[in-house]
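Enquirer: give the three-dimensional model of this entry:
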Amino acid sequence: MTQQASPRRPFHGWFVVAGAFAATFMGFGAAYSFSAFVEAMQTDFAASRGSVSLVFSLAGFLYFGLGVITGPLADRFGSRRLVLAGMVLTGAGLAMAGLARSLTEVYLAYGLGVGLGVGCSYVPAVGAVQRWFSRRRGFASGIAVSGIGVGTLVMPPLAAVLIAALGWRDAYLAMGALVVVIGGAMALLIENDPRDRGLGPDGDPPQAAAMGDPVPGIPVAVAIRSRRFIILYAAGLICAFGVFVPFVHLVPYAIDHGVQPSTAVLLLGAIGVGSTAGRFFLGGLADRIGRRRALIAMFIGMAAAQMVWAVAGGIVSLAVFALLYGVFYGGWVAVLPAVVMDSFGSRNVSGLIGILYTSVALGTLIGPTAAGYVFDISHSYLVPILASVAVNLVAAAIVCLPSPAPADMPAAQAVRR
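Expert: Just a heads-up that it's a prediction; the model follows:
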């Protein structure tokens, strides 16, 4: 029987999970609060919905695209420094956005500050968690990224309260301070490798961990040329055109359909509730049914939820959409890093996750902005919503394609889960 870590001494991997949870809570919670600011920015800058939406798209492009740089840096130098820097940059970006005097300045402050900040913190934090777990990797990853869901539940309503009390500019200043203080402090819990504490994944002795998972991983150059990686990349690119449209446009959509702004912003919180549930429960379920199968199910679930959005008009139906969508979106975010670890091993997991997320970055740059401009032309969100349904179904079909393990991956690691 494998010797476990002493029950009197909690496994440090869970502290790493807590640090990653806080980083995703503060970073993405602040970023996904953007929808609460859209109406105020449109009014203040006399701007179209498409041009305001570009603020979020620029930030999203950076925080997913930057992982290609920060992931390998985390593999080499450790995740803690990058996550801490990311929290400071995110807070500074929010504060500078609050001081902006033109939409162009918001592009620079929010787009660069929040984009670079979340980009520095997300992939290093999630990548660090993967190394600390093996048997419960899906569950641990789900808890770590559930910070995104809880942040989406808490931060947009908080933003609405701050906007009502202080105005949108001072609201951004206050949120920036929260990100730096709370996110920065919790980032100190993150560590890269259990071996630095004389442990293996799950708290097992290092030698026991090596017997159960003897393959440290394969080179990045081999992994990214493999059919398995190309399939994951293509699916991420296609789905990202639609995944983040609700985070920008759900609140304006609800207001356009007669929902009061103070109520409409709670729909983002409903996505957060569903997302948190999805990350906790679907991440653990994926460990049992197979993480690749679970990934396919997440794409199909997001498409089904967006079909509900296509016919929703009142607060009840929109809340149903938000909850359902959050569940499957949260499951997607939780399962994807674990699929990468399953497929390519631990040696370069942060770097590979970062490269994979460049696909999501491209889709995020285009999707929400295009949806805004389509609305400006047609005064309807129907076409962007149906397009979002279609891209998720295409992504599911892509992941269903045969994907043999890379040629350099030994048989012990080449099991398709």
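
Enquirer: surely residue 314 touches residue 257?
Expert: Yes - using CB atoms under 8 Å, residue 314 is in contact with residue 257, at 7.1 Å. The way it works is simple: take the backbone N, C-alpha and C, and place the C-beta from them, glycine included.

Enquirer: between these two, who's got more neighbours?
Expert: Ranked by neighbour count (other CB atoms under 10 Å), residue 314 and residue 257 place residue 257 first, with 15 against 11.

Enquirer: distance-wise, check the closest residue to the more buried one other than its chain neighbours relative to residue 364.
Expert: Closest residue to residue 257 apart from its sequence neighbours, by CB to CB, 6 or more residues apart in numbering: residue 313 at 5.4 Å. From residue 313 across to residue 364, the span is 27 Å (CB to CB, to the nearest Å).

Enquirer: what do you get for residue 260?
Expert: 29 Å.

Enquirer: still on that earlier bit, and the residue nearest to residue 257, helix, strand or coil?
Expert: coil (DSSP: H, G, I helix; E, B strand; the rest coil).

Enquirer: and the one 5 residues further on, by the same measure?
Expert: Reducing the assignment to helix, strand or coil with three-state DSSP, the entry for residue 318 is helix.

Enquirer: and it, how many neighbours does it have?
Expert: Neighbour number of residue 318 under other CB under 10 Å is 25.

Enquirer: need the nearest residue in space to it, chain neighbours excluded.
Expert: Using CB to CB, 6+ apart, the nearest residue to residue 318 is residue 312, at 4.8 Å.

Enquirer: report the contact partners of the one you found.
Expert: By CB atoms under 8 Å, 6 or more residues apart in numbering, the residues touching residue 312 are 318, 320-321.

Enquirer: circling back to that earlier point, and residue 260 and residue 364? which has more neighbours close in?
Expert: Each of residue 260 and residue 364 has its neighbours counted (other CB under 10 Å); residue 364 has more, 28 against 11.

Enquirer: quick one: average pLDDT of the helix or strand the more buried one falls within?
Expert: Assigned by DSSP states H and E, residue 364 falls within helix 349-378. The pLDDT scores in helix 349-378 average 86.

Enquirer: what is it packed up against?
Expert: helix 49-65, helix 67-77, helix 115-131, helix 220-224, helix 227-243, helix 245-256, helix 315-344, helix 382-399 (3 or more CB pairs under 8 Å, 6 or more residues apart in numbering; DSSP states H and E).

Enquirer: taking their axis directions, it and helix 227-243 sit at what angle?
Expert: Between helix 349-378 and helix 227-243, the angle comes out at 30 degrees (axes from the mean of the first three to the mean of the last three CA atoms, to 10 degrees).

Enquirer: ok, back up a step: where's the residue nearest to residue 318 relative to residue 277, distance?
Expert: Counting by CB to CB - residue 312 and residue 277 are separated by 20 Å.

Enquirer: again, but for residue 249
Expert: As for residue 249, its distance to residue 277 is 23 Å (criterion: CB to CB).

Enquirer: out of the two, which sits in the busier spot?
Expert: Set residue 249 next to residue 277 and count neighbours by other CB under 10 Å: residue 249 wins out with 24 against 17.

Enquirer: in contact with the more buried one, which residues?
Expert: 35, 49, 53, 368, 371-372, 375, 381, 384.

Enquirer: and residue 27, by the same measure?
Expert: If you count contacts by CB under 8 Å, 6+ apart, then residue 27 has 63, 86-87, 90, 114, 117-118, 121-122, 151, 179, 183 around it.

Enquirer: residue 300 now?
Expert: Shown in contact with residue 300 (CB under 8 Å, 6+ apart): 392-393, 396.

Enquirer: cutoff 6 Å now
Expert: The contact partners of residue 300, by CB atoms under 6 Å, 6 or more residues apart in numbering, come to residue 396.

Enquirer: with the one 10 residues further on instead?
Expert: With contacts defined as CB under 6 Å, 6+ apart, the neighbours of residue 310 are residue 385.

Enquirer: now it: which helix or strand?
Expert: Short version, using DSSP H and E: residue 310 is in helix 291-311.

Enquirer: next, the buried residues of the helix holding residue 364.
Expert: 349-365, 367-375 (16 or more other CB atoms under 10 Å).
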